[in-house]
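Provided below are the primary sequence and the corresponding predicted coordinates.
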Amino acid sequence: MSSRTLPLLFINLGGEMLYILDQRLRAQNIPADKAKKVMNDIITTMFNKKFLEELFKPQELYSKKALRTVFDRLAHASIMRLNQASMDKLYDLMTMAFKYQVLLCPRPKDILLVSFNHMDAIKDFVKDTPSILSQVDETYRQLIEMYTPLSSGEFQLIRQTLLIFFQDMHIRVSIFLKDKVQNSNGRFVLPTSGSVPHGTQVPGLIRIFSCTGEELTRQQFNNGGNYNAALREGSFEIFGDRVTKLGTNMYSVSRPVETHMSGTSKNSAQHTKVSAAPNPLAKEELNLLARLMGGLEVEKPGNTDSGFRVNLFATDEEEEEALISRPDELSYGVINIQATKDQQANAELAKIMGEFTESGDQSPGASSKGDDLLAMMDGL
Amino acid sequence: MYHKEKSIQIKNSASALYNNLGVLRIAPRRLTYFTVVHANVVNMVSASWDGLNYSHRQLQSKEPNVATSTSLIMQAAFCALPSRDLLVVTSQKGIQMYESDGSIMVYWHALDTPETPTGVSSGAILVFDVPSKGSNITLSEVLEEHKESITDMASECSGSQECIANLVTADDEGNLCVWKSGEEFQLLNKIPGFDMSCSSVKLWKGTVVAGYGTGQIRLYEAVTGILHAEVNAHARWIYSLDIAPFSGLLLSAAEDSLVRVWHLTMTPETNSVEVAHLHNECVTDTQICGAKFCDGDGYAFAVTGYDLSEIIRYVQS
């Protein structure tokens, strides 16, 4: 499968996460300066240079557990806290939204346009902060460099790799149910109408040719749908009209985000354990990536003046209830990392940790901050 | 023309992979084997023709006796050789061959590590010599003509001895290579693509039938490369094609949720081909990834879809 899938998965999921957090911060009336700090901190962490270097290397997709842990860290990169139930819900929404976008993309290459829609919105979130803006612009360039030369077949392989990652996820999202893009059984609606993808003709024509290449006959057949010609192609540059709406922000303060847990367990029960034996390599990668995120300069939470909690549910009671009633098969099983022990054993990773900090302090000083955060995480 | 029959439930849902359905009819035992790939597992169902007995088996892609993690499977397909049938499973790590009921793995061929790909994703075609019994399978040839990943290959299925070409291979750029088998394989023709992936290909009575990512189906004369017909068949990427060799029925299935049945007529005297559209089946809200006829006449066909844990069957009315 494709070894170039991870950056797209990460950026699109990150984008969805920012849409949801932005909506919740406003819905909970968090003061504008704090809200902005949270968004800026998360975006800074997402687009950290060293982190992106690791991300863009050709590699296998992370396991669901590993990726969930990365997003846990990302969500906590600032003064905002999320309880387990809220974090679960946030992740459910992020993944179902991106699954929807991947499935509905008319052509595999359109996944890049969806990514640009997310990038455009992220750029808008940080438009007043030049330092972060330049990080975002740099990421655009990396995306363009890596993905625009790929063929349609290579994009389809990326899409297939993403679809394996999202296989069997049928969590119902109320905003999708309301808009009738998701059925009550959790499956997305795939219309047999609308514009055909760019490069495809409306089905219906059979042309027969002679041996010399002249067209002999044309016939029409009933295509069983209601299609029209393709729209113009979206822009693959840093700026431009992406044409597709997939990947744009569908949340607003007036449209609350809810998920339904019941009714999905039947499908999940058929889910075989995809990898029975733990893959030691994956754990190593997880350690590295999580460490990269954990080692960054961030505000220490616990300072009651600036820290605050965001709830993805309407009330605290609902949040509590959601945690208790979450079906086992839908739990993400976030990995706890024994950072301290491994770090001593792995000099290479410790070196990268050291590179992360701004001052050029040698490993002990720099690492201990990372240690603290990770140790604290482990203790949760 | 066709109506839906009782579906067969499978243990896992189908992954979004090209040609993700294998069908093998075992007439003497009145049963049919089906294979559907889910990530790193092949789900096999053996279904009796009277509809009363179903037995399931799962195969994982890994080297025998090695405890490394399994790798993702690209395709599982039945190969009907003159003296035996084999189930061939290709994955990121290698190629496995099983007895057709999945009971024993008879051969494992490791592909090089991903950093230095010389396996099938580089465009190479591996030819194996298979004895009529046992596991003494050997790599006999490597055909290097394609530059892009191989997506599908097909052998001449009409059973006619008159056809010169007996293999066609397709790649991710839409290029088709036509071969003649023998002591060594001989390249007869190369039909260029237009930078659009050919995801599924069939060869029947000397005609190549190819399905593309644009939703088009094209028919070419194999040996000369002459384009006989072009059909704007689907609104999305085609995932599977199949031909019923005795009747000339063609089955096409795509991400657009539609399965279409066509009829091909060859007129050798005028060297022409006719394509008639017969039937549509819409599998609501499903991106189809596999569709195959269950018999040589096309009396019945089966379909798999992404995220669907069943094999849907249709039978002629």
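Sure, I can see it.

Quick one: the strands in the stretch 201-317 of chain B, in order.
B:207-212, B:216-221, B:227-232, B:238-244, B:249-254, B:258-267, B:272-282, B:288-293, B:300-305, B:310-316 (DSSP state E, counting those that start in this stretch).

ok now do the closest residue to chain B within the stretch 201-350 of chain A, which residues does it touch?
Ranked by C-beta to the nearest C-beta, the top residue of the stretch 201-350 of chain A for proximity to chain B is residue A:221, at 3.5 Å. Quick note: C-beta positions are derived from backbone N, CA and C, even for glycine. By C-beta atoms under 8 Å, 6 or more residues apart in numbering or on different chains, the contact set of residue A:221 is A:204, A:206, B:277.

wait, the last one sits on residue A:206?
By that I understand residue B:277. Yes - counting by C-beta atoms under 8 Å, residue B:277 touches residue A:206, with 6.8 Å between them.

Spell out the secondary structure type for the closest residue to chain B within the stretch 51-200 of chain A.
Per C-beta to the nearest C-beta, residue A:153 is where the stretch 51-200 of chain A lies closest to chain B, at 3.3 Å. Following DSSP: H, G, I helix; E, B strand; the rest coil, we place residue A:153 in the helix state.

neighbours around it, how many?
By other C-beta atoms under 10 Å in any protein chain shown, 23 other residues sit near residue A:153.

what does residue A:240 give?
Residue A:240 sits with 12 neighbouring residues when counted by other C-beta under 10 Å.

could you measure it against residue B:206, distance?
Residue A:240 sits at a distance of 47 Å from residue B:206 (criterion: C-beta to C-beta, to the nearest Å).

Quick check: the gap between the residue nearest to residue A:251 when sequence neighbours are not counted and chain B.
Spatially, and ignoring its direct neighbours in sequence, residue A:251 is nearest to residue A:23 (4.2 Å; C-beta to C-beta, 6 or more residues apart in numbering or on different chains). Going from residue A:23 to chain B by C-beta to the nearest C-beta, to the nearest Å gives 28 Å.

low-scoring stretches of the chain, by residue?
Using chain A here. A:252-306, A:328-380 (pLDDT under 70).

try again with chain B
B:62-70, B:112-120.

again, only using 90
Where chain B drops to pLDDT under 90, the residues are B:40, B:51-52, B:60-75, B:77, B:79-97, B:99-150, B:155-166, B:181-185, B:194-195, B:266-272.

what does the stretch 101-250 of chain B put close to chain A?
By the rule C-beta under 8 Å from any C-beta of the partner chain, the part of the stretch 101-250 of chain B lying against chain A is B:114, B:148-149, B:151, B:172-173, B:195-197, B:199, B:213-216, B:226-237.

neighbours around residue A:55, how many?
21.

Also residue B:25?
17.

How about it, nearest residue that isn't a chain neighbour?
Residue nearest to residue B:25 in three dimensions, not counting chain neighbours: residue B:32, with 5.1 Å by C-beta to C-beta, 6+ apart.

Could you list the paired strands of the helix or strand containing the one you found along with their orientation?
Using DSSP states H and E, residue B:32 sits in strand B:31-38. Applying DSSP bridges, strand B:31-38 is found paired with strand B:22-26 (antiparallel), strand B:41-48 (antiparallel).

now that strand, how far from the centre of its chain.
12 Å (C-alpha atoms, centre = their mean, to the nearest Å).

can you state the direction angle for it and strand B:310-316?
Orientation check (axes from the mean of the first three to the mean of the last three C-alpha atoms, to 10 degrees): strand B:31-38 against strand B:310-316 gives 140 degrees.

residues making contact with strand B:31-38?
Against strand B:31-38 from outside (C-beta under 8 Å, 6+ apart): A:167, A:272, B:8, B:10-15, B:17, B:20-26, B:42-49, B:53, B:73, B:75-78, B:87, B:100-102, B:290, B:294, B:302, B:304, B:311.

Double-check residue B:299 against residue B:316; I have them as touching.
Yes - counting by C-beta under 8 Å, residue B:316 is a contact partner of residue B:299 at 5.3 Å.

Mean neighbour count and distance to residue A:229 for the strands of the stretch 201-317 of chain B - can I get that in a markdown table?
Shown next, in a markdown table, are the strands of the stretch 201-317 of chain B (neighbours: other C-beta atoms under 10 Å in any protein chain shown; distance: least, C-beta to C-beta, whole Å):
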| stretch | mean neighbour count | distance to residue A:229 |
| --- | --- | --- |
| strand B:207-212 | 26 | 18 |
| strand B:216-221 | 23 | 15 |
| strand B:227-232 | 22 | 11 |
| strand B:238-244 | 26 | 19 |
| strand B:249-254 | 26 | 18 |
| strand B:258-267 | 20 | 18 |
| strand B:272-282 | 18 | 20 |
| strand B:288-293 | 28 | 23 |
| strand B:300-305 | 26 | 27 |
| strand B:310-316 | 19 | 31 |
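
Report the contact partners of residue B:5.
If you count contacts by C-beta under 8 Å, 6+ apart, residue B:5 has them with B:300, B:313-315.

coming back round to it: so which of the strands of the stretch 201-317 of chain B comes closest to residue A:124?
strand B:249-254 (36.4 Å; C-beta to C-beta).

what are the pairing partners of that closest one, and which direction each?
strand B:238-244 (antiparallel), strand B:258-267 (antiparallel).

what about the helices in the stretch 101-250 of chain A?
Taking DSSP state H, counting those that start in this stretch, the helices of the stretch 101-250 of chain A run over residues A:110-125, A:130-147, A:152-165, A:174-178.

Now do the buried residues in the last one.
It stands for helix A:174-178. A:175-177 (16 or more other C-beta atoms under 10 Å in any protein chain shown).

cool, the third one as well?
By neighbour count on 16+ other C-beta under 10 Å, the buried set for helix A:152-165 is A:152-165.

any idea which of these is closest to residue A:135?
Nearest to residue A:135 among the buried residues of helix A:152-165, with distances taken as C-beta to C-beta, is residue A:158, at 23.8 Å.

Tell me the secondary structure at the residue lying closest to that closest one once chain neighbours are set aside.
Sequence neighbours aside, residue A:2 is the residue nearest to residue A:158 in space, at 4.5 Å (criterion: C-beta to C-beta, 6+ apart). Of the three states, residue A:2 takes coil under three-state DSSP.
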